[in-house]
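Chemist: 3D model of this:
(one chain, ligands or ions: 2)
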Amino acid sequence: MSNVIVMDHPLIHHKLSILRNEKTGSKEFRNLVSEIATLMCYEATRDLPLKEVETKTPICVAKTKVIAGKKLAFVPILRAGLGMVDGVLSLVPSARVGHIGLYRDPETLKPVEYYCKLPADIEHREVIVLDPMLATGGSAIDAISQIKLRNPMNIKFMCIIAAPEGLEALKNAHPDVDIYIGALDSHLNDHGYIVPGLGDAGDRIFGTK
Ligand code: PRP
Ligand code: URA
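Modeler: Numbers count the residues shown, from 1 in each chain. Ligands and ions are numbered 1, 2, ... in the order given. Model (predicted):
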């Protein structure tokens, strides 16, 4: 079954509180999404495999550790996942970035896919899928199913706010995927929005409302 890791760092709590505030404007919202993504990436990369190398310091040759193998690929779910990319790349600048374009049909709440471009060597990489919001779970489930067709080494999912309904659906659909969550909220409202949530993440990042 999926490991579910809910963040409990004071910096994340503080930044989330400002992020949720309806008065927070797009510029500050974008900065906060990026900063929270950086802090969450630190946790999500905690188990990356290491290998030992020899490093010549100014004093002697030392045995040191570096990340083994082909490292990471980040895959943001468009649009809102784009807001997390700079933040995670600031910690892992050599990672590749794929993109999956999905939007929720406002009537059915089902995801509609319109774009998919993944790194050519994705089968040699660990993938971290990025989306600020896990609501019904439809978008994340669909994106991960698409990525699995390309046989990556491993997949993790990282979101800033999750609803219990989406978390349950994602765990059931992809029990092999570990899930990193900034905050686990109360429930979904009748329009499929997370309560208390932060509203529409894509609109708040890109100022489209
Ligand atoms: C939002 C969000 C997720 C999705 C979550 O995207 O960024 O991708 O909804 O909802 P779900 O768990 O019920 O699928 P949206 O469809 O608003 O598209 P956008 O990012 O282009 O605004
Ligand atoms: N997508 C969002 O951006 N916000 C929600 O609360 C639910 C889905």
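
Chemist: Residue 115 should be in a helix, yeah?
Modeler: No: for residue 115, which was evaluated using DSSP: H, G, I helix; E, B strand; the rest coil, the result is strand, with no helix membership.

Chemist: That one bridge partners, please.
Modeler: residue 101 (DSSP bridges).

Chemist: Identify the residues contacting residue 129.
Modeler: Contact criterion C-beta atoms under 8 Å, 6 or more residues apart in numbering gives 75-77, 81, 100, 140, 143-144, 147, 155-158 as the residues in contact with residue 129. (C-beta placed from N, C-alpha, C; glycine too.)

Chemist: for residue 100, same thing?
Modeler: By C-beta under 8 Å, 6+ apart, residue 100 lies in contact with 75, 76, 77, 78, 113, 115, 116, 118, 129, 143, 146, 147.

Chemist: If we use 6 Å, what do you get?
Modeler: Contacts were defined as C-beta atoms under 6 Å, 6 or more residues apart in numbering; by that measure residue 100 touches 75, 77, 116, 143.

Chemist: Residue 85 now?
Modeler: With contact set as C-beta under 6 Å, 6+ apart, residue 85 has these partners: residue 76.

Chemist: so is residue 52 in a helix, a strand, or just coil?
Modeler: Classified using three-state DSSP, residue 52 is strand.

Chemist: Could you give the number of residues near the closest residue to it other than its chain neighbours?
Modeler: In space, and not counting its chain neighbours, residue 52 is closest to residue 63: 5.3 Å by C-beta to C-beta, 6 or more residues apart in numbering. The tally of other residues near residue 63 (other C-beta atoms under 10 Å) stands at 8.

Chemist: And for residue 204?
Modeler: Applying other C-beta under 10 Å, we find 22 other residues in the vicinity of residue 204.

Chemist: hang on, the earlier thing: just give me the closest of the contacts of residue 100 to ligand 2.
Modeler: Within the contacts of residue 100, distances to ligand 2 taken as C-beta to the nearest ligand atom reach their minimum at residue 77, with 10.5 Å.

Chemist: Go ahead and confirm the closest one touches residue 143.
Modeler: Yes: with contacts counted by C-beta atoms under 6 Å, residue 77 reaches residue 143, the gap being 5.1 Å.
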